[in-house]
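Student: Dropping a prediction and its sequence here:
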Amino acid sequence: YGGVIGSVEGQRVEIGNLEFMQAAGADMPATLEAAHATCLANNESPVIVAIDGRVAAVVGIQDPIRQEAIQVLNSLRDSGWQLGLLSGDHPEIVQRIGAQLDLPAGVCHGGLSPLEKLEVIQRSKQESRNVVMVGDGANDAAALAASDVGIAMHGGAELSLQAAPVFVATGNLRSLLSLMTGASRTQRLIWATFAIALTYNLVAVVLAMLGWIGPLFAAILMPISSLSVLAITLGVPTFRSQA
């Protein structure tokens, strides 16, 4: 984990992070060590390229925070969700990104392999939490599958889409907020209709036992019970579009 090795025109090519290169014994000039540090300072994940055991380039890759991310996370936090960040990016970068998102350092985990992400999800489930995982990369697939609810985002790797039972078809994070709030409304509606139907039938049973209603009237009440639950379900919107 951490890189790939291949051959191009007879030359051995290695691409990966610093730990991968150190394990491979690649020689890294001082100038490229400085470039590596510059990438981290700029919140860019450094990707190192080595040719025949000598580092030839350091490329900084950055995934900027989406404009709507802070608003969406704040809304989820206000709804009672405990948020965390799991990433394969350099731990320093993950901590800085987490600070920008107002996430505590203890829940921001960087430099994780797919197996380590899975372990974090499993530990959270052991703490009796309902765990929702949102991801879009192949490295997220195992964690998405192990979560109570895995949500894959549009534009992600095909493996993550196959692993997650829920797929957000838009690229806007506000759709995620719509999904979460809509699911909460749906759950409340289910319990409400269940309580109404149960109360309705309990009252009808008591009246029948007291002899206040006959079989014909009971036969009329039964479909009314089902129709009332259906009317409430159709009349109360649960999923609403986000602007």
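Tutor: Arrived safely.
Student: Go through stretch 112-120 and flag the buried ones.
Tutor: 112, 114, 116-118, 120 (16 or more other Cβ atoms under 10 Å). Heads up, the C-betas are built off the backbone N, CA and C, glycines and all.
Student: now the helices for this protein?
Tutor: 18-24, 30-41, 69-78, 91-100, 114-126, 141-146, 158-163, 174-209, 215-235 (DSSP state H).
Student: Point out the most buried one among these.
Tutor: Highest mean neighbour count of the helices of the chain: helix 141-146, a mean of 23 (counted as mean count of other Cβ atoms under 10 Å).
Student: chain center to that helix, what's the gap?
Tutor: How far helix 141-146 lies from its chain's middle: 10 Å, per Cα atoms, centre = their mean, to the nearest Å.
Student: other SSEs contacting it?
Tutor: Where contact means 3 or more Cβ pairs under 8 Å, 6 or more residues apart in numbering; DSSP states H and E, helix 141-146 is packed against helix 114-126, strand 132-135, strand 149-153, helix 158-163.
Student: pLDDT weak spots in the protein?
Tutor: The chain contains residues with pLDDT under 70 at 1, 156-157, 240-243.
Student: Beta-bridge partners for the most centrally placed residue in it, please?
Tutor: For the chain, the residue sitting closest to the mean C-alpha position, by Cα atoms, centre = their mean, is Val134 at 1.2 Å. Val134 forms beta bridges with Ile151, as assigned by DSSP bridges.
Student: when you give positions from now on, start the count at 37
Tutor: I'll keep to 37 as the first residue from here, and by that count the last item is Val170.
Student: And stretch 238-254, how far out from the chain middle?
Tutor: Taking mean C-alpha positions (Cα atoms, centre = their mean), stretch 238-254 and its chain are 50 Å apart.
Student: Now do the end-to-end distance for that stretch.
Tutor: With Cα to Cα, to the nearest Å applied, stretch 238-254 spans 12 Å between its terminal residues.
Student: One more: stretch 53-65?
Tutor: The stretch stretch 53-65 measures 15 Å between its terminal residues, going by Cα to Cα.
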